[in-house]
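In: Quick one: sequence and predicted model below, then my questions.
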Number of protein chains: 2
Amino acid sequence: MKVNKGQILQRAGDLNTKVYAVETGLLRSYTIDEKGKEHIFAFAHEGWTIADLCEITDPCELFIDALENSTVTVIEKEERKKQVDINTVVNRVFVLQKRVIMLMSASAIERYEHFVKIYPNIVQRVSQKMIASYLGITPEALSRVRKERTKAK
Amino acid sequence: MKVNKGQILQRAGDLNTKVYAVETGLLRSYTIDEKGKEHIFAFAHEGWTIADLCEITDPCELFIDALENSTVTVIEKEERKKQVDINTVVNRVFVLQKRVIMLMSASAIERYEHFVKIYPNIVQRVSQKMIASYLGITPEALSRVRKERTKAK
DNA sequence: TTCATTTCTTAATCTATATCAATGCACAGC
DNA sequence: GCTGTGCATTGATATAGATTAAGAAATGAA
């Protein structure tokens, strides 16, 4: 399945039973809060999958859209559960464990440093606005962090 | 296995291959940051399991200790992976998804309201200091939130 | 190329929450 | 019964990051 940059695959509030496996390109999942602000939950590039893992009977919380023109394989959640290795899912829990700890304990600078170290390829491909949204800070704050960072060298 | 209140089952930095299933009592997992501040990652009461899901070859990030006198079944991670239902793990990812979104978008008040709604039984059993640590705020801030909350009625 | 739109940066405020400090309580051990 | 230790509360102050606003730079469309 081909999706164009900007195309929305899933909206918060939808009932959704799909998992998206990215073949080429880049997707993201995000929420929009009451104030209309976007918060990016995840990026997914080639070889990664992305989904809202809510119960298939419940309306989902995340939007999913394409940040680049992409090709995507759509899989039913139930189907995916049968195929996927338990280690893959356990590893995802571990990644989220780290993310929660970061959000609870790290400053804007530390979060950015960590992000750059863990996802250097994503950093190249998305706008700073997107990175800021993923880190849970504003683009203005990220701009300042980056300024400090280069100055420090 | 019996553990007393305050007893530590696992320390950050240890190599650890265990998952703890709580039969009775209450455990928690937490990190300690560079400033010596504790951040609670999870609580686990009767019927729940708790672990640091790092690779078994890597030093873990979390401490696990008992908040009440407890009885615990210790399981090897590899063993647990064979037994556990994929839905259980997927559901844990979903819970963490919610937690990340909360940490990125919600104020102290909203986080507390959500916590009280989702874990009313935990609220009864742990100190406010512990709840504050789980929510990613200080005990002082939680005290003020609670004051506002009762005043609002 | 030109015009429009979006992104990035910078600066000036504002605000939620952290930090620091003092006090009153409750519970545990002696 | 005291006495110490940790917890909750409150107030004063500090601060990281948000908000607002404006201009500069990049991107994209016609």
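Out: Yep, that arrived.
In: What is the burial count for A:Glu79?
Out: 12 (other CB atoms under 10 Å in any protein chain shown). Backbone N, C-alpha and C define where each C-beta goes, glycine included.
In: So it: helix, strand or coil?
Out: At A:Glu79 the chain is in helix, as set by DSSP: H, G, I helix; E, B strand; the rest coil.
In: any idea how far it is from A:Leu53?
Out: 14 Å (CB to CB, to the nearest Å).
In: now the residue in chain A positioned nearest to DNA strand D, nearest residue through space, not along the chain?
Out: Residue nearest to DNA strand D within chain A (CB to the nearest atom of the strand): A:Ala141, separated by 3.2 Å. Counting by CB to CB, 6 or more residues apart in numbering or on different chains, A:Ala108 is the residue found nearest to A:Ala141 once chain neighbours are left out, at 5.4 Å.
In: Give me the residue ranges of chain A where confidence is low.
Out: Within chain A, the segments meeting pLDDT under 70 span A:152-153.
In: what bridges to the residue most central in space within chain A?
Out: Most central in chain A under CA atoms, centre = their mean is A:Ala42, positioned 1.1 Å from the mean C-alpha point. Using DSSP bridges, the bridge partners assigned to A:Ala42 are A:Ser29.
In: Pretty sure it sits against A:Ala51.
Out: No: look at A:Ala42 against A:Ala51 with CB atoms under 8 Å: they stay out of range, at 9.2 Å.
In: so what sits against both of those two?
Out: Common neighbours of A:Ala42 and A:Ala51 (criterion: CB atoms under 8 Å, 6 or more residues apart in numbering or on different chains): A:Ser29.
In: what does the top helix by length along chain A rub up against?
Out: Criterion DSSP state H: the longest helix present in chain A is helix A:86-105. Residues outside helix A:86-105 that contact it (CB under 8 Å, 6+ apart) are A:110-111, A:114, A:136, B:31, B:33, B:37, B:39, B:41, B:52-55, B:61-62, B:81, B:84, B:86, B:89-90, B:92-93, B:96-97, B:99-100, B:103-104, B:136.
In: residues in chain A within reach of DNA strand C, list them.
Out: For chain A, the residues in contact with DNA strand C (CB under 7 Å from any atom of the strand) are A:127-129, A:139-140, A:142-144, A:146-147.
In: I'd like those residues as a markdown table, with distance to A:Ala21, neighbour count and secondary structure appended.
Out: Shown next, in a markdown table, are the residues of chain A next to DNA strand C (distance: CB to CB, whole Å; neighbours: other CB atoms under 10 Å in any protein chain shown; DSSP: H, G, I helix; E, B strand; the rest coil):
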| residue | distance to A:Ala21 | neighbour count | secondary structure |
| --- | --- | --- | --- |
| A:Ser127 | 24 | 10 | coil |
| A:Gln128 | 27 | 14 | helix |
| A:Lys129 | 26 | 14 | helix |
| A:Pro139 | 30 | 14 | helix |
| A:Glu140 | 35 | 9 | helix |
| A:Leu142 | 30 | 21 | helix |
| A:Ser143 | 34 | 13 | helix |
| A:Arg144 | 37 | 14 | helix |
| A:Arg146 | 32 | 15 | helix |
| A:Lys147 | 38 | 10 | helix |
